[in-house]
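Participant: Would you be able to build a 3D model of this:
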Amino acid sequence: MPTGLGRILDRIAPPPVLVDIGASGACPEIWRQVASWSTYVGFDPDRRDLHTDANSPFKRYLVIPAAVSPESGTATLYETKFAHCSSLMAPDTPALSDYLFADSFTVERTRQLTTVTLAEALQSAGLGEKIDWLKSDTQGMDLRIIQSLPPALQDGLLAVDVEPGLINAYRGEDHFVTAHQYLMAAGFWPSVCKVCGDRRMRPETLADVASRHTGLTPQLVNRVLRPAPGWIEGRYLRRLDWLAEHKATVRDYLLLWCFAMVDLQYGFALDIAVALRKLGEAETGAELEQLAIAALTGSPVAWRPLHLLSRALRKGHLLLTGQSGR
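Facilitator: Residues are numbered from 1 along each chain as shown. Okay, here's the model as predicted:
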(Lines give C-alpha, C1' and ligand atoms only; values in the text may rest on other atoms or scores of the structure.)
Protein backbone atom coordinates (compact mmCIF):
# COMPACT_ATOMS: atom_id res chain seq x y z
CA MET A 1 0.00 0.00 0.00
CA PRO A 2 1.36 3.48 -0.86
CA THR A 3 2.53 5.40 2.21
CA GLY A 4 -0.18 7.53 3.79
CA LEU A 5 -3.05 6.02 1.83
CA GLY A 6 -4.75 4.80 4.99
CA ARG A 7 -4.98 8.21 6.61
CA ILE A 8 -6.62 9.62 3.49
CA LEU A 9 -9.11 6.73 3.40
CA ASP A 10 -9.89 7.41 7.07
CA ARG A 11 -11.41 10.74 6.00
CA ILE A 12 -13.72 9.34 3.35
CA ALA A 13 -17.35 9.12 4.39
CA PRO A 14 -19.51 7.36 3.52
CA PRO A 15 -17.14 4.40 2.98
CA PRO A 16 -16.19 3.44 -0.57
CA VAL A 17 -18.57 0.99 -2.25
CA LEU A 18 -16.95 -1.60 -4.53
CA VAL A 19 -19.32 -3.67 -6.67
CA ASP A 20 -18.17 -6.93 -8.28
CA ILE A 21 -20.50 -8.33 -10.95
CA GLY A 22 -19.24 -11.75 -11.91
CA ALA A 23 -17.75 -12.50 -8.52
CA SER A 24 -16.62 -16.08 -9.16
CA GLY A 25 -13.15 -16.63 -7.76
CA ALA A 26 -11.35 -14.09 -5.59
CA CYS A 27 -12.13 -10.39 -5.46
CA PRO A 28 -9.93 -8.10 -7.59
CA GLU A 29 -6.49 -8.09 -5.97
CA ILE A 30 -6.16 -4.32 -6.28
CA TRP A 31 -9.17 -3.85 -3.98
CA ARG A 32 -7.38 -5.48 -1.06
CA GLN A 33 -5.37 -2.28 -0.60
CA VAL A 34 -8.53 -0.34 0.24
CA ALA A 35 -10.53 -3.23 1.71
CA SER A 36 -10.38 -2.23 5.39
CA TRP A 37 -12.23 1.00 4.62
CA SER A 38 -14.66 -0.32 1.98
CA THR A 39 -17.94 -2.13 1.42
CA TYR A 40 -17.69 -5.05 -1.02
CA VAL A 41 -20.79 -6.28 -2.85
CA GLY A 42 -20.38 -9.31 -5.13
CA PHE A 43 -22.95 -10.83 -7.53
CA ASP A 44 -22.81 -14.12 -9.43
CA PRO A 45 -25.61 -16.60 -10.27
CA ASP A 46 -23.15 -19.51 -10.73
CA ARG A 47 -22.36 -20.69 -7.20
CA ARG A 48 -19.67 -23.24 -8.17
CA ASP A 49 -16.77 -20.87 -7.54
CA LEU A 50 -18.58 -18.19 -5.56
CA HIS A 51 -16.67 -17.45 -2.38
CA THR A 52 -18.20 -16.18 0.85
CA ASP A 53 -15.14 -15.22 2.85
CA ALA A 54 -15.87 -15.25 6.56
CA ASN A 55 -12.44 -13.72 7.15
CA SER A 56 -12.85 -11.02 4.53
CA PRO A 57 -10.56 -7.98 4.85
CA PHE A 58 -13.41 -5.65 3.88
CA LYS A 59 -15.17 -3.38 6.33
CA ARG A 60 -18.45 -4.81 5.06
CA TYR A 61 -18.69 -7.87 2.83
CA LEU A 62 -21.77 -9.02 0.93
CA VAL A 63 -21.94 -11.80 -1.68
CA ILE A 64 -25.31 -12.24 -3.37
CA PRO A 65 -25.95 -15.23 -5.70
CA ALA A 66 -28.19 -13.14 -7.93
CA ALA A 67 -28.33 -12.76 -11.69
CA VAL A 68 -27.72 -9.11 -12.54
CA SER A 69 -29.07 -8.13 -15.94
CA PRO A 70 -29.88 -4.92 -17.82
CA GLU A 71 -33.56 -5.74 -17.21
CA SER A 72 -35.41 -7.47 -14.40
CA GLY A 73 -37.44 -10.52 -15.31
CA THR A 74 -36.34 -14.03 -16.25
CA ALA A 75 -33.40 -15.31 -18.28
CA THR A 76 -31.54 -18.49 -19.10
CA LEU A 77 -28.23 -19.11 -17.37
CA TYR A 78 -25.82 -21.11 -19.52
CA GLU A 79 -23.60 -22.99 -17.07
CA THR A 80 -20.41 -23.88 -18.88
CA LYS A 81 -17.72 -26.45 -18.21
CA PHE A 82 -15.45 -23.70 -16.84
CA ALA A 83 -17.49 -21.81 -14.25
CA HIS A 84 -15.99 -18.41 -15.11
CA CYS A 85 -17.43 -18.68 -18.64
CA SER A 86 -21.06 -19.12 -17.52
CA SER A 87 -23.30 -16.38 -18.84
CA LEU A 88 -26.82 -15.18 -19.45
CA MET A 89 -25.74 -15.10 -23.09
CA ALA A 90 -25.36 -18.27 -25.14
CA PRO A 91 -21.79 -19.13 -26.16
CA ASP A 92 -21.11 -18.60 -29.86
CA THR A 93 -20.03 -22.19 -30.48
CA PRO A 94 -19.14 -21.85 -34.21
CA ALA A 95 -16.90 -18.83 -33.55
CA LEU A 96 -15.28 -20.45 -30.51
CA SER A 97 -14.53 -23.66 -32.42
CA ASP A 98 -11.44 -21.99 -33.93
CA TYR A 99 -9.78 -21.71 -30.49
CA LEU A 100 -8.23 -24.32 -28.22
CA PHE A 101 -10.22 -23.12 -25.21
CA ALA A 102 -13.56 -23.81 -26.92
CA ASP A 103 -14.26 -26.72 -24.56
CA SER A 104 -14.34 -24.32 -21.59
CA PHE A 105 -17.53 -22.83 -23.06
CA THR A 106 -19.32 -26.19 -23.42
CA VAL A 107 -22.77 -25.76 -21.89
CA GLU A 108 -23.28 -28.44 -19.24
CA ARG A 109 -26.75 -27.33 -18.22
CA THR A 110 -29.17 -24.44 -18.46
CA ARG A 111 -31.58 -23.11 -15.89
CA GLN A 112 -34.11 -20.32 -15.72
CA LEU A 113 -33.35 -17.49 -13.33
CA THR A 114 -35.08 -14.46 -11.97
CA THR A 115 -32.95 -11.47 -12.94
CA VAL A 116 -32.60 -8.10 -11.27
CA THR A 117 -31.06 -4.86 -12.40
CA LEU A 118 -27.97 -3.70 -10.53
CA ALA A 119 -29.83 -0.68 -9.20
CA GLU A 120 -32.60 -2.91 -7.80
CA ALA A 121 -30.11 -5.32 -6.23
CA LEU A 122 -28.20 -2.51 -4.53
CA GLN A 123 -31.41 -0.91 -3.29
CA SER A 124 -32.43 -4.22 -1.70
CA ALA A 125 -29.04 -4.39 0.03
CA GLY A 126 -29.43 -0.84 1.34
CA LEU A 127 -26.70 0.49 -0.96
CA GLY A 128 -28.70 2.24 -3.63
CA GLU A 129 -27.12 5.68 -3.51
CA LYS A 130 -23.54 5.26 -4.75
CA ILE A 131 -21.11 2.92 -6.52
CA ASP A 132 -17.54 4.14 -6.42
CA TRP A 133 -15.76 1.33 -8.27
CA LEU A 134 -17.62 -1.11 -10.50
CA LYS A 135 -16.08 -4.32 -11.82
CA SER A 136 -18.30 -5.86 -14.47
CA ASP A 137 -17.29 -9.29 -15.77
CA THR A 138 -20.64 -10.47 -17.08
CA GLN A 139 -19.41 -12.51 -20.03
CA GLY A 140 -20.77 -10.30 -22.78
CA MET A 141 -23.04 -7.71 -21.12
CA ASP A 142 -20.63 -5.29 -19.43
CA LEU A 143 -21.68 -2.23 -21.42
CA ARG A 144 -25.38 -2.99 -21.15
CA ILE A 145 -25.10 -3.32 -17.36
CA ILE A 146 -23.45 0.12 -17.13
CA GLN A 147 -25.98 1.69 -19.48
CA SER A 148 -28.84 0.23 -17.42
CA LEU A 149 -27.79 2.20 -14.32
CA PRO A 150 -29.84 5.29 -13.50
CA PRO A 151 -28.00 8.53 -14.40
CA ALA A 152 -27.20 9.30 -10.75
CA LEU A 153 -25.44 5.96 -10.26
CA GLN A 154 -23.57 6.28 -13.56
CA ASP A 155 -22.45 9.79 -12.66
CA GLY A 156 -21.22 8.61 -9.27
CA LEU A 157 -18.80 6.05 -10.70
CA LEU A 158 -15.13 6.93 -10.21
CA ALA A 159 -13.56 3.72 -11.56
CA VAL A 160 -14.83 0.98 -13.85
CA ASP A 161 -13.30 -2.40 -14.70
CA VAL A 162 -14.73 -4.20 -17.73
CA GLU A 163 -13.81 -7.26 -19.78
CA PRO A 164 -15.38 -6.81 -23.23
CA GLY A 165 -14.63 -9.13 -26.11
CA LEU A 166 -12.61 -8.72 -29.26
CA ILE A 167 -14.04 -11.92 -30.74
CA ASN A 168 -17.52 -13.45 -30.71
CA ALA A 169 -17.39 -15.66 -27.63
CA TYR A 170 -21.11 -15.07 -26.91
CA ARG A 171 -23.98 -14.45 -29.29
CA GLY A 172 -24.66 -10.72 -29.51
CA GLU A 173 -22.12 -9.74 -26.86
CA ASP A 174 -20.84 -6.22 -26.19
CA HIS A 175 -17.46 -5.69 -27.81
CA PHE A 176 -14.52 -3.64 -26.63
CA VAL A 177 -14.83 -0.95 -29.28
CA THR A 178 -18.37 0.05 -28.25
CA ALA A 179 -17.66 -0.20 -24.51
CA HIS A 180 -14.52 1.92 -24.91
CA GLN A 181 -16.33 4.57 -26.95
CA TYR A 182 -19.14 4.79 -24.41
CA LEU A 183 -16.86 5.12 -21.39
CA MET A 184 -14.69 7.73 -23.09
CA ALA A 185 -17.78 9.78 -23.95
CA ALA A 186 -19.01 9.37 -20.36
CA GLY A 187 -15.97 11.10 -18.87
CA PHE A 188 -13.49 8.26 -18.30
CA TRP A 189 -9.95 7.61 -19.52
CA PRO A 190 -8.31 4.17 -19.94
CA SER A 191 -5.78 3.37 -17.24
CA VAL A 192 -5.34 -0.30 -18.17
CA CYS A 193 -6.08 -2.13 -21.40
CA LYS A 194 -4.64 -5.64 -21.11
CA VAL A 195 -5.02 -7.82 -24.19
CA CYS A 196 -5.87 -11.42 -23.30
CA GLY A 197 -6.70 -14.42 -25.40
CA ASP A 198 -6.11 -18.04 -26.30
CA ARG A 199 -4.44 -20.08 -29.01
CA ARG A 200 -6.04 -19.85 -32.44
CA MET A 201 -6.12 -23.53 -33.35
CA ARG A 202 -9.06 -25.84 -33.76
CA PRO A 203 -9.16 -28.54 -31.09
CA GLU A 204 -9.93 -31.19 -33.72
CA THR A 205 -6.83 -30.11 -35.64
CA LEU A 206 -4.68 -30.66 -32.57
CA ALA A 207 -6.28 -34.06 -31.96
CA ASP A 208 -5.80 -35.08 -35.60
CA VAL A 209 -2.18 -33.95 -35.87
CA ALA A 210 -1.25 -35.22 -32.39
CA SER A 211 -2.51 -38.69 -33.34
CA ARG A 212 0.18 -38.79 -36.03
CA HIS A 213 2.92 -36.88 -34.19
CA THR A 214 3.31 -38.11 -30.62
CA GLY A 215 5.52 -35.17 -29.60
CA LEU A 216 2.78 -32.64 -30.29
CA THR A 217 1.10 -32.49 -26.89
CA PRO A 218 -1.44 -29.92 -25.64
CA GLN A 219 1.13 -28.82 -23.07
CA LEU A 220 3.68 -28.08 -25.81
CA VAL A 221 1.14 -26.23 -27.96
CA ASN A 222 -0.01 -24.06 -25.06
CA ARG A 223 3.57 -23.25 -24.13
CA VAL A 224 4.79 -22.41 -27.63
CA LEU A 225 1.86 -20.88 -29.49
CA ARG A 226 1.27 -17.15 -29.10
CA PRO A 227 -2.28 -16.46 -27.89
CA ALA A 228 -4.47 -14.54 -30.30
CA PRO A 229 -6.33 -11.50 -28.94
CA GLY A 230 -9.74 -12.45 -27.57
CA TRP A 231 -10.79 -9.86 -24.99
CA ILE A 232 -9.61 -6.80 -23.10
CA GLU A 233 -9.25 -6.44 -19.36
CA GLY A 234 -9.85 -2.71 -19.10
CA ARG A 235 -9.80 -0.23 -16.24
CA TYR A 236 -11.17 3.29 -16.63
CA LEU A 237 -10.82 6.21 -14.22
CA ARG A 238 -12.93 9.35 -14.16
CA ARG A 239 -11.43 12.41 -15.86
CA LEU A 240 -10.78 15.64 -13.96
CA ASP A 241 -12.54 17.83 -16.50
CA TRP A 242 -15.67 15.73 -16.02
CA LEU A 243 -15.45 16.08 -12.21
CA ALA A 244 -15.09 19.84 -12.53
CA GLU A 245 -17.99 20.12 -14.95
CA HIS A 246 -20.23 18.06 -12.66
CA LYS A 247 -19.16 19.90 -9.50
CA ALA A 248 -17.85 16.77 -7.79
CA THR A 249 -17.41 16.70 -4.03
CA VAL A 250 -14.09 16.74 -2.19
CA ARG A 251 -14.85 13.13 -1.26
CA ASP A 252 -14.86 12.20 -4.95
CA TYR A 253 -11.49 13.85 -5.54
CA LEU A 254 -9.98 12.19 -2.46
CA LEU A 255 -11.31 8.75 -3.36
CA LEU A 256 -10.29 9.07 -7.01
CA TRP A 257 -6.80 9.99 -5.74
CA CYS A 258 -6.78 6.79 -3.64
CA PHE A 259 -7.86 4.72 -6.64
CA ALA A 260 -5.15 6.32 -8.79
CA MET A 261 -2.53 5.53 -6.17
CA VAL A 262 -3.39 1.83 -5.85
CA ASP A 263 -3.51 1.67 -9.66
CA LEU A 264 0.08 3.04 -9.76
CA GLN A 265 -1.10 6.13 -11.68
CA TYR A 266 1.00 8.50 -9.58
CA GLY A 267 1.08 11.15 -12.28
CA PHE A 268 -2.71 11.29 -12.38
CA ALA A 269 -2.70 11.38 -8.56
CA LEU A 270 -0.57 14.52 -8.80
CA ASP A 271 -3.06 15.98 -11.27
CA ILE A 272 -5.80 15.42 -8.68
CA ALA A 273 -3.72 17.00 -5.92
CA VAL A 274 -3.13 20.13 -8.01
CA ALA A 275 -6.82 20.28 -8.95
CA LEU A 276 -7.78 20.22 -5.26
CA ARG A 277 -5.41 23.08 -4.51
CA LYS A 278 -7.05 25.11 -7.27
CA LEU A 279 -10.44 24.35 -5.74
CA GLY A 280 -9.36 25.99 -2.50
CA GLU A 281 -8.32 22.80 -0.69
CA ALA A 282 -4.71 23.95 -0.44
CA GLU A 283 -3.74 21.97 2.65
CA THR A 284 -5.30 18.73 1.45
CA GLY A 285 -3.90 19.18 -2.05
CA ALA A 286 -0.40 19.76 -0.66
CA GLU A 287 -0.67 16.61 1.46
CA LEU A 288 -1.79 14.48 -1.49
CA GLU A 289 0.96 15.99 -3.60
CA GLN A 290 3.65 15.01 -1.10
CA LEU A 291 2.32 11.47 -0.79
CA ALA A 292 2.17 11.01 -4.57
CA ILE A 293 5.69 12.38 -4.98
CA ALA A 294 6.95 10.01 -2.28
CA ALA A 295 5.38 7.07 -4.12
CA LEU A 296 6.67 8.26 -7.48
CA THR A 297 10.25 8.78 -6.37
CA GLY A 298 10.41 5.70 -4.16
CA SER A 299 8.94 3.09 -6.51
CA PRO A 300 10.85 0.72 -8.80
CA VAL A 301 10.04 0.88 -12.50
CA ALA A 302 6.86 -1.16 -12.89
CA TRP A 303 6.40 -0.98 -16.65
CA ARG A 304 8.32 -1.86 -19.80
CA PRO A 305 9.38 1.17 -21.86
CA LEU A 306 7.25 1.60 -24.96
CA HIS A 307 10.19 1.27 -27.33
CA LEU A 308 10.91 -2.18 -25.89
CA LEU A 309 7.28 -3.17 -26.32
CA SER A 310 7.36 -1.99 -29.94
CA ARG A 311 10.52 -3.97 -30.58
CA ALA A 312 8.99 -7.10 -29.06
CA LEU A 313 5.88 -6.71 -31.18
CA ARG A 314 7.95 -6.29 -34.36
CA LYS A 315 9.86 -9.47 -33.58
CA GLY A 316 6.70 -11.34 -32.62
CA HIS A 317 8.03 -12.11 -29.16
CA LEU A 318 5.37 -10.41 -27.03
CA LEU A 319 3.25 -13.10 -25.45
CA LEU A 320 -0.28 -12.13 -24.56
CA THR A 321 -1.86 -13.41 -21.40
CA GLY A 322 -3.46 -16.76 -22.11
CA GLN A 323 -6.21 -17.99 -19.81
CA SER A 324 -8.70 -20.85 -19.80
CA GLY A 325 -11.66 -18.54 -20.18
CA ARG A 326 -12.67 -14.93 -19.89
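
Participant: show me the contacts for residue 172.
Facilitator: Going by CB atoms under 8 Å, 6 or more residues apart in numbering, residue 172 touches 89, 140. For glycine as for every other residue, the C-beta is placed from the backbone atoms N, C-alpha and C.

Participant: how about it, secondary structure?
Facilitator: Of the three states, residue 172 takes coil under DSSP: H, G, I helix; E, B strand; the rest coil.

Participant: Quick one, grab the pLDDT at it.
Facilitator: Listed pLDDT for residue 172 reads 94.

Participant: Adjust the sequence numbering to begin at 113 for everything that follows.
Facilitator: Taking 113 as the first residue, the last one we looked at is residue 284.

Participant: Just confirm residue 171 contacts residue 153, I think it does.
Facilitator: No: look at residue 171 against residue 153 with CB atoms under 8 Å: they stay out of range, at 12.0 Å.

Participant: Looking only at neighbour counts, state which of these two leads.
Facilitator: A direct count of neighbours by other CB atoms under 10 Å for residue 171 and residue 153 places residue 153 higher, at 23 against 14.

Participant: correct me, but the more buried one touches residue 237?
Facilitator: Yes: the criterion here is CB under 8 Å, and residue 153 meets it with residue 237 at 6.3 Å.

Participant: Mind listing the shared neighbours of these two?
Facilitator: 174, 176.

Participant: Phi first, then psi, for residue 131.
Facilitator: phi -110, psi 130 (degrees, to the nearest 10).

Participant: What does the pLDDT read for it?
Facilitator: 95.

Participant: give me the number of residues near it?
Facilitator: Residue 131 - counted by other CB under 10 Å - has 26 other residues nearby.

Participant: could you measure it against residue 114, distance?
Facilitator: Applying CB to CB, to the nearest Å, one obtains 23 Å for the distance of residue 131 from residue 114.

Participant: for the stretch 213-362 of the chain, which spans come out with low pLDDT?
Facilitator: Nowhere does the stretch 213-362 of the chain drop to pLDDT under 70.

Participant: quick one: the strands in it?
Facilitator: For the stretch 213-362 of the chain, the strands defined by DSSP state E, counting those that start in this stretch occupy 219-228, 245-248, 271-274, 300-310, 340-350.

Participant: Residue 320: which of those is closest?
Facilitator: Nearest of the strands of the stretch 213-362 of the chain to residue 320, taken as CB to CB: strand 300-310 at 18.9 Å.

Participant: in the closest one, what counts as buried?
Facilitator: 300, 303, 307, 308, 309, 310 (16 or more other CB atoms under 10 Å).

Participant: and residue 176, what are its bridge partners?
Facilitator: residue 155 (DSSP bridges).

Participant: Against residue 195, how distant is it?
Facilitator: Relative to residue 195, and taking CB to CB, residue 176 is found at 17 Å.

Participant: Check residue 365 too.
Facilitator: 39 Å.

Participant: just residue 393 next, same as before
Facilitator: Counting by CB to CB, the separation of residue 393 from residue 195 is 46 Å.

Participant: swap in residue 318?
Facilitator: Residue 318 sits at a distance of 24 Å from residue 195 (criterion: CB to CB).

Participant: for residue 122, same thing?
Facilitator: Taken as CB to CB, the span from residue 122 to residue 195 is 37 Å.

Participant: And the helices in the chain?
Facilitator: Taking DSSP state H, the helices of the chain run over residues 117-121, 205-208, 230-236, 254-260, 263-268, 288-297, 315-322, 330-336, 352-357, 362-374, 378-390, 394-410, 418-427.
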